[in-house]
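# Generate coordinates for the sequence data below:
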Amino acid sequence: MEKSNAPIKYALVTGGSRGIGRAVCIQLAKDLEYHILINYNSNAAAAKETLKEVEAVGGQGEVIQFNVVDAQAVAAKLDVWQENNKDAVIEVVVNNAGITKDGLFMWMKPEDWHNVINTSLNGFFNVTHHLIQKMLVNRYGRIINMVSVSGLKGTPGQTNYSAAKGAVVAATKALAQEVAKRKITVNAVAPGFIKSDMTADLDEKELKKMIPANRFGEAEEVAHVVSFLASEKSSYITGEVININGGIYS
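Predicted structure coming up:
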């Protein structure tokens, strides 16, 4: 292969080691020309498994470890990576890292409130804020934030998660307006009940009765939408929240 001066383009997926994050990594590798930067916090084995699956579909990628909550670690790890990959540019950011600590609000421990908010909301800030300047200079970018039906309608027992994801929805809409002139789109994807580690303990048989489509969704179904939003085909869609929930809340 001839050496060209064109930059190597990357898509960064936070929380890319499992569940929806893993499905997104694989779908981006299948559909688009991006190298996939798979972020994980603690599960290195799962991240390497995701990388194997990316390579199995003909994609290329690598893993990068940082906790999205830790602003200094995010900046340091991404700067070191950039230093080692001088001809690389991160064009797509999928803010997928998130955690749940469910419980009734009146019994909620402060750390369960703060940890959930920190991961989804501050994680979005730490990663996106560090990378957006380069997108603005390059006049191109795709920012896709993973939110939730909980952030739109509110879910009892998830006041913390609903607050975190609702805040990211509002941030998505505001940021989209700031950067649209530079050909950077900012959108959110709001899954409902999707089969994953996060929903493994839920009673699917009982819950699917409230879903018009009468089933839980697949991670791949979410990944297809993310892949479209990460592509050039979606250039006139920005500030939007796309629901993927089988009709439970639209």
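
# Check the protein and tell me which residue is nearest its centre.
Centrality entry for the chain: nearest residue to the mean C-alpha point is Asn96, 2.4 Å, by CA atoms, centre = their mean.

# Check whether it really touches Ser17, as I assumed.
No: using CB atoms under 8 Å, Asn96 is not in contact with Ser17; the gap is 10.1 Å. Any C-beta I mention is one placed from the backbone N, CA and C, and that applies to glycine too.

# Can you pull out the low-pLDDT segments for the protein?
For the chain, the stretches with pLDDT under 70 are 1-4, 198, 200, 250.

# ok, longest helix in it?
Scanning the chain for the longest helix, with DSSP state H as the assignment, gives helix 159-179.

# That one: which residues count as buried?
159-169, 171-173, 175-176, 179 (16 or more other CB atoms under 10 Å).

# what packs against that helix?
Using 3 or more CB pairs under 8 Å, 6 or more residues apart in numbering; DSSP states H and E as the contact test, the elements touching helix 159-179 are helix 110-117, helix 123-138, strand 141-146, helix 149-153, strand 184-191, strand 241-244.

# can you list contacts of that helix?
95, 98, 100-102, 105, 108, 112-113, 116-117, 119-121, 124-125, 128, 132, 135-136, 141, 143, 145, 147-148, 150-152, 154-155, 185-188, 190, 238-239, 241 (CB atoms under 8 Å, 6 or more residues apart in numbering).

# Just the buried residues of these.
For those, buried by 16+ other CB under 10 Å: 95, 98, 100-102, 108, 112-113, 116-117, 119-121, 124-125, 128, 132, 135-136, 141, 143, 145, 147-148, 150-152, 155, 185-188, 190, 238, 241.

# how much space between Gln158 and Asp87?
43 Å (CB to CB, to the nearest Å).

# Next: Ile184.
Ile184 is 21 Å from Asp87, by CB to CB.

# In terms of packing, which of these two has more residues around it?
Ile184 (21 against 10; other CB atoms under 10 Å).

# So the more buried one is in contact with Arg142, correct?
Yes: shown here, Ile184 and Arg142 form a contact pair, counting by CB under 8 Å, at 7.4 Å.

# which residues touch Glu33?
Lys9.

# Just say helix, strand or coil for it.
What DSSP: H, G, I helix; E, B strand; the rest coil gives for Glu33 is coil.

# how about Gly239, what does it touch?
Taking CB under 8 Å, 6+ apart as the test, what Gly239 contacts is Thr172, Lys173, Ala176, Gln177, Ala180, Val186, Asn187.

# So which of those residues is the closest to Leu28?
Nearest to Leu28 among these: Asn187, at 14.8 Å, using CB to CB.

# residues contacting the closest one?
Taking CB under 8 Å, 6+ apart, one finds 143-145, 172, 176, 229, 234, 237-242 in contact with Asn187.

# Distance check, it against Asn115.
26 Å.

# coming back round to it: would you list the helices and strands packed on helix 159-179 in a markdown table and tack on distance to Thr199?
Listed next are those as a markdown table, based on distance: least, CB to CB, whole Å:
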| stretch | distance to Thr199 |
| --- | --- |
| helix 110-117 | 16 |
| helix 123-138 | 20 |
| strand 141-146 | 14 |
| helix 149-153 | 12 |
| strand 184-191 | 10 |
| strand 241-244 | 13 |
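
# For Ile211, find the nearest of these.
helix 149-153 (10.4 Å).

# chain center to the helix or strand encompassing Leu51, what's the gap?
Assigned by DSSP states H and E, Leu51 belongs to helix 44-56. How far helix 44-56 lies from its chain's middle: 17 Å, per CA atoms, centre = their mean, to the nearest Å.

# who does it touch, helix- and strand-wise?
helix 19-31, strand 35-40, strand 61-65.

# could these be laid out in JSON lines, adding mean neighbour count and distance to Thr199?
Supplementary listing: the helices and strands packed on helix 44-56 in JSON lines, determined by neighbours: other CB atoms under 10 Å; distance: least, CB to CB, whole Å:
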{"stretch": "helix 19-31", "mean neighbour count": "25", "distance to Thr199": "9"}
{"stretch": "strand 35-40", "mean neighbour count": "25", "distance to Thr199": "20"}
{"stretch": "strand 61-65", "mean neighbour count": "18", "distance to Thr199": "25"}
